[in-house]
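Student: Can you look at this prediction? I've put the sequence above it.
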Amino acid sequence: MTNSAIISLSLTTATILVAAMAFSSPVTSDQAYAQGQAVRAVGSIASIQNDNNGNAAWLTSGNWKLVVQPAQGNATNATALFKATFIMVMLDGTSKQMHKMSDFMLTRMSSDNSTMTLTGTATITLKDAPKQNVPVTIKLMNHNVISIAFDTSAVNHFGNTPNYGAILRENLQVSPSPIGALAAYGNTHCIPNLGGTAIC
């Protein structure tokens, strides 16, 4: 191999490595939102919930997904899509049930250096019938942990502590354009869940 060929190959390899590093460089949800990009994240739920006496009694486990779209065009407020599916079972393995959270309507959003907080209402499926317009507060903390707290005055079923989980991936690039990101993500991207179900 000639010297020119070696130099050409080295430059090509270096270009590929630099491009790969640039592509894989993480951009946090805070940075993405600050740049006017949609925040996209998925993760798991794994939490111990109290009973009415404040004692650990229930395990919740499942998955969730989130898209926060900054205000576009003449709109003044951000919009958000949040869905979760999780099982709830007593710590002795009895009374297994499944719950779904959907129809999240964002009413307020705030963010500091460590926590993004989303406040709104959602529909929660319960044993008898879905409960609509349940106040809920979602917090994403340090890009690693999520908490989902339901207003106990509206739904007193999940104990008096938030459901906690993990942020497995954030700033997912699932739409080539921020316009229509909520619809695209909500309609075509599903997360496998326990029992063969999925969050779609």
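Tutor: Yes, it's here. As the structure is a prediction and not an experimental result, all values here were calculated from the model.

Student: Count the residues that sit near residue 82.
Tutor: A count of nearby residues for residue 82, using other C-beta atoms under 10 Å, gives 23. Using the backbone N, CA and C atoms, a C-beta is placed for each residue, glycine as well.

Student: Bridged to it, which residues?
Tutor: Counting by DSSP bridges, residue 82 forms beta bridges with residue 66.

Student: With residue 94 as the reference, measure out to it.
Tutor: Using C-beta to C-beta, to the nearest Å, we find residue 82 at a distance of 29 Å from residue 94.

Student: again with residue 80
Tutor: Distance from residue 80 to residue 94, by C-beta to C-beta: 35 Å.

Student: got it, and residue 153?
Tutor: The gap separating residue 153 from residue 94 is 27 Å, by C-beta to C-beta.

Student: before we move on, the earlier item: comparing residue 80 and residue 94, which shows the higher neighbour count?
Tutor: residue 80 (20 against 7).

Student: hang on, that one packs against residue 118?
Tutor: Yes. If you go by C-beta atoms under 8 Å, residue 80 and residue 118 touch, sitting 6.0 Å apart.

Student: which residues of this protein score low on pLDDT?
Tutor: 1-36, 73-76, 172-200 (pLDDT under 70).

Student: which residues in this protein form strands?
Tutor: Residue ranges of the strands in the chain, as given by DSSP state E, are 39-50, 56-69, 79-90, 97-111, 115-124, 131-141, 145-150, 163-170, 191-192, 198-199.
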